[in-house]
Structures are given as C-alpha cells and as structure tokens.
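Undergrad: Let me see the structure of the following:
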Amino acid sequence: MEAPIDRKRSRQQVPRLIKHVNTAEVNEFDVMLSYSWTTKEQVLGLCDALTEILPGIKIWVDRDEMNGNVNLAMARGILKSSVIIVCLSVAYLVGVAPISHSVELKTTSTSELVEL
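TA: Numbering: from 1, shown residues only. The predicted model follows:
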C-alpha cells in the first residue's frame, strides 16, 4: 500500500516546483496527470491540491476526460497539454508495456490522432 499524501506539505512544495503555466498557449490543458489506477487516490489528491493552489489551472485527468478508446483518449491528453506529470510506480511501469505493444501494432491509427 502506498503512503498517503501529506496534503499540507504537498501544498507548500507545489508552488516551488511548478512555475506559472502560460495559459495563452494553444494547448487546451495546462497539465496532464498520468498514473496507474493503483495510485488513483494519491493522484486525485494531487489534482485537488493543484486546483486549490493554482486556481484556473486546467488539468487533464482520466476521472474527467477519459471516454471511448483509452489509448486514443490518453494520446489526446498528451497532445493537448502543456506539461505532463508522470506519477511513476511499479504498477505504472507494468502498464506501459501493453500500451507500447499496441503502439507498435498501430492499433491507434495516426488518422484518429490528426482529428484532435
């Protein structure tokens, strides 16, 4: 079991770690949070802390943005975000292998990505 996030400590550290995000850019989202579902509680806590500390920040997180083809939805999140935060865990690394394999097999066509 992963250690819970110390929200007070996290809130103090986040402003030092993240500089102002330029929302004037073309990207629809300022940040995409990529993670394994095994760390969902911690990552959603991070998402809540970011929105509290940086009002107006637009975060792509699967809780709000995932629909249809999972790989395609994640690709759209990546392409439409200024910054990607990867919350790395062993479960995340294990989950990357099937995604890499599907990309190698080209199960997500490039024409679908162009229609973003």
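Undergrad: rest of the way, CA atoms for contacts and neighbours
TA: OK.
Undergrad: can you pull out the helices in the chain?
TA: Taking DSSP state H, the helices of the chain run over residues 7-17, 40-53, 62-65, 70-79, 90-104, 110-114.
Undergrad: Contacts only, for Asn27.
TA: Under the criterion of C-alpha atoms under 8 Å, 6 or more residues apart in numbering, the contact list for Asn27 reads Leu79, Lys80, Ser81, Ser82.
Undergrad: let me fix that: Lys40
TA: With contact taken as C-alpha under 8 Å, 6+ apart, Lys40 is in contact with no other residue.
Undergrad: I'd like to know how far it sits from Leu33.
TA: Distance, Lys40 to Leu33, by C-alpha to C-alpha, to the nearest Å: 10 Å.
Undergrad: And for Gly68?
TA: Counting by C-alpha to C-alpha, the gap from Gly68 to Leu33 is 18 Å.
Undergrad: Lys80 too?
TA: The span separating Lys80 from Leu33 equals 12 Å under the rule C-alpha to C-alpha.
Undergrad: about what we covered before: going by mean pLDDT, which of the helices of the chain comes out lowest?
TA: Taking the average pLDDT of each of the helices of the chain, the minimum falls on helix 110-114, with a mean of 49.
Undergrad: Tell me which residues touch the closest residue to Met66 other than its chain neighbours, please.
TA: Among residues not flanking Met66 along the chain, Ala73 sits closest, at 5.9 Å (C-alpha to C-alpha, 6 or more residues apart in numbering). If you count contacts by C-alpha under 8 Å, 6+ apart, Ala73 has them with Glu65, Met66, Asn67.
Undergrad: Can you give me the neighbour number for the first one?
TA: What it means is Glu65. Each residue near Glu65 was counted by other C-alpha atoms under 10 Å, and the total is 13.
Undergrad: now it, nearest residue through space, not along the chain?
TA: In this structure, Glu65 finds its nearest non-sequential neighbour in Ala73, 7.7 Å apart by C-alpha to C-alpha, 6+ apart.
Undergrad: again with the last one
TA: Beyond its immediate neighbours in the sequence, the residue positioned closest to Asn67 (C-alpha to C-alpha, 6+ apart) is Ala73, lying 6.5 Å away.
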